[in-house]
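In: Show me how the following folds:
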Amino acid sequence: MTDTPEPVDIQVGANIRGLRLLRKMGQMEVAKHLGITFQQLQKYEKGANRGSASKLHKMATVFGVRVEALFEGTEGTEQNAVAVLAPIDREALTLARDFEAIANPSVRHSIRGLVKSISRQQVADAA
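Out: Model (predicted):
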């Protein structure tokens, strides 16, 4: 038996961490909801330890997502599925939080259009 985490455990852990950060929750807060220590949550997030079915169900409930969301990006999920939170830097996370705070749908739509336009231009410039 190996001590190296399986890729699925690493992805599930990354999804757990991503959901925790998107919900602006600290490790202590989530651990308290789950009835575990924050060190145990750290091990789940790193993929070092696997969560039981009941623990994964409880995590999904805490984050307000379906259990399947914890497995996004793992083998066997939809080919084009994007992980709940792909590796992302703090600046992008802050941008996502700020964007979520915008209530006006037309403003949100305009911002998405602007970002899409800029990203397409960068791709065109790189070609």
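In: for the chain, what helix or strand is lowest in average pLDDT?
Out: When each helix and strand of the chain is scored by mean pLDDT, DSSP states H and E, helix 90-100 comes last, with a mean of 81.
In: Could you check how far it is from the centre of its chain?
Out: Helix 90-100 has its C-alpha centroid displaced from the chain centroid by 13 Å (CA atoms, centre = their mean, to the nearest Å).
In: after that helix comes which helix or strand?
Out: Counting by DSSP states H and E, the element after helix 90-100 in chain order, helix or strand, is helix 105-126.
In: Mind listing what's buried along that next one?
Out: Using 16 or more other CB atoms under 10 Å as the test for burial, helix 105-126 gives no buried residues. Quick note: C-beta positions are derived from backbone N, CA and C, even for glycine.
In: Over to stretch 29-43?
Out: Here stretch 29-43 shows 30-31, 34, 36, 40-41, 43 as buried, counting by 16+ other CB under 10 Å.
In: end-to-end on that stretch?
Out: Stretch 29-43 has an end-to-end distance of 15 Å (CA to CA, to the nearest Å).
In: List of residues touching that stretch?
Out: With contacts defined as CB atoms under 8 Å, 6 or more residues apart in numbering, stretch 29-43 is touched by 16, 20, 27-28, 49, 55, 58-59, 62.
In: Compare the residues you listed and tell me which has the most neighbours.
Out: Highest neighbour count within the contacts of stretch 29-43: Ile16, with 26 neighbours (other CB atoms under 10 Å).
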